[in-house]
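Asker: Need a 3D model of the sequence below.
(chains A and B, ligands or ions: 4)
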Protein chains: 2
Amino acid sequence: MSKELVFGHKNPDTDAISCAIEYAYLANKLGDEVEAVALGKTNNETNFVLNRFNVKAPRVITKAKPEVDSVVLVDHNEAIQSVDDLADVTVTSVIDHHKINFTSAQPLFYRAEPIGCCSTIIYKMYLENNVEIPSNIAGLMLSSIISDTLLLKSPTTTDDERKAVPALAKIAGIDDYEAYGIEMLKAGSDVNDRSATD
Amino acid sequence: MSKELVFGHKNPDTDAISCAIEYAYLANKLGDEVEAVALGKTNNETNFVLNRFNVKAPRVITKAKPEVDSVVLVDHNEAIQSVDDLADVTVTSVIDHHKINFTSAQPLFYRAEPIGCCSTIIYKMYLENNVEIPSNIAGLMLSSIISDTLLLKSPTTTDDERKAVPALAKIAGIDDYEAYGIEMLKAGSDVNDRSATD
Ligand SMILES: [Mn+2]
Ligand SMILES: [Mn+2]
Ligand SMILES: [Mn+2]
Ligand SMILES: [Mn+2]
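Answerer: Ligands and ions are numbered 1, 2, ... in the order given. A predicted model of the protein is given here:
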């Protein structure tokens, strides 16, 4: 298989950025050449998460076709939220947890579940494929679930998230995930953040 | 969860009919009330299969809403191939192996894989959920794969099908799946079949 790019939606949130990194790591472990990229700059919350777990922000692209023939969509499926030249490339996989508005010319992998966070699905894919979750990837998954479910309090939260959070906190070395989550959510809402006012 | 109907596409082939029966059995085992129905009469090939494995043909419906609020689509996803009043019900799950042309108002389960047969996906779901496959369900799965892949010879055939066929033949009590497959495909192409000329 030739190289693919994986990315979340425009105006990326923590789940969109994390899913791309999580998916690329899994695909690479399974023998596929996949690079995580982003469709926009990371926000304050995501910067806090990436710093905390020592992960580099994915580079930002606006077009895919100059680099690859095929792409993977995570945390979104609708063309309007995706890369500008989506019509010029083949989507080979979609992993998502949103309502669907999607058309393809060929069969593909599509995995959607009506759950709180897309990273929860990718967490399950690691388990299904027996791929060990590195500590920093677990940190991204944990942070995404906390972000998308507002610390397991959103009505979209499912048992999958309630089970994943303590398991991921352990792998990530986070003793008190509630305290961490509140710190993270606060970082995301910090309007005094220097980069936001620069 | 209230009762749901599951069905394959209009002008049903063996995979469309079998997937509905296979899915309903699995869902019932997992505690959901799901009934397999069909969007048209079974064809000669499918009648041969249902007779061989002593399975009743699903009843035919043209509308879903008079009976249920939500449905599951197997072996198709496009509204034009589906029940006439699809817009009046909620699709809670799609299991399919075709190109996608699908829109939903809410998140749902969607599992598509670019493989030879939809029954192969449902076979994997039985394995993933540790649900024992009854002999007659294995016979339907085997027959669907033979039908959709023309005895593993179509270009859409994948390793998933090549692995499933001998395993399913064993459960179904079919010693020579090639001989069975040729007999089945011949039954499907028998233009002298009485019911086709009646
Ligand atoms: Mn998102
Ligand atoms: Mn998300
Ligand atoms: Mn079919
Ligand atoms: Mn099929």
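Asker: contacts, neighbours, all on C-alpha from now
Answerer: Noted.
Asker: the longest strand in chain A is where?
Answerer: The longest strand of chain A (DSSP state E) is strand A:90-96.
Asker: tell me the contacts of the residue lying closest to A:Glu4 once chain neighbours are set aside?
Answerer: Leaving out its chain neighbours, the residue that sits closest to A:Glu4 by Cα to Cα, 6 or more residues apart in numbering or on different chains is A:Val34, at 4.7 Å. Applying Cα atoms under 8 Å, 6 or more residues apart in numbering or on different chains, we find A:Val34 in contact with A:3-6, A:24, A:27-28.
Asker: among the residues you listed, which are in helices?
Answerer: A:24, A:27-28 (DSSP state H).
Asker: Pull the number of nearby residues for A:Val72.
Answerer: Neighbours of A:Val72 under the rule other Cα atoms under 10 Å in any protein chain shown: 24.
Asker: what pairs with the helix or strand harbouring it, and is each one parallel or antiparallel?
Answerer: Secondary structure assignment for A:Val72, by DSSP states H and E: strand A:70-74. Strand pairing for strand A:70-74, using DSSP bridges, gives strand A:4-7 (parallel), strand A:90-96 (parallel).
Asker: These: which one's closest to B:Leu86?
Answerer: Across the strands paired with strand A:70-74, B:Leu86 has its closest neighbour in strand A:90-96 (22.8 Å, Cα to Cα).
Asker: Quick one: check that closest one for contact with ligand 2.
Answerer: No: contact of strand A:90-96 with ligand 2 is not found when judged by Cα under 5 Å from the ion; the minimum separation is 7.5 Å.
Asker: That strand - what's its average pLDDT?
Answerer: Mean pLDDT, computed over strand A:90-96, is 98.
Asker: any low-confidence regions in chain A?
Answerer: Within chain A, the stretches with pLDDT under 70 are A:191-198.
Asker: What segments of it are helices?
Answerer: Under DSSP H, chain A gives helices at A:14-29, A:44-52, A:118-128, A:135-149, A:159-172, A:177-188, A:194-197.
Asker: For the fourth one, enumerate the helices and strands it packs against.
Answerer: Helices and strands touching helix A:135-149, by 3 or more Cα pairs under 8 Å, 6 or more residues apart in numbering or on different chains; DSSP states H and E, are helix A:14-29, helix A:44-52, helix A:118-128, helix A:159-172, helix A:177-188.
Asker: okay, these in JSON lines with distance to chain B and mean neighbour count next?
Answerer: Listed next are the helices and strands packed on helix A:135-149 as JSON lines, based on distance: least, Cα to the nearest Cα, whole Å; neighbours: other Cα atoms under 10 Å in any protein chain shown:
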{"stretch": "helix A:14-29", "distance to chain B": "16", "mean neighbour count": "24"}
{"stretch": "helix A:44-52", "distance to chain B": "24", "mean neighbour count": "20"}
{"stretch": "helix A:118-128", "distance to chain B": "9", "mean neighbour count": "20"}
{"stretch": "helix A:159-172", "distance to chain B": "14", "mean neighbour count": "17"}
{"stretch": "helix A:177-188", "distance to chain B": "25", "mean neighbour count": "17"}
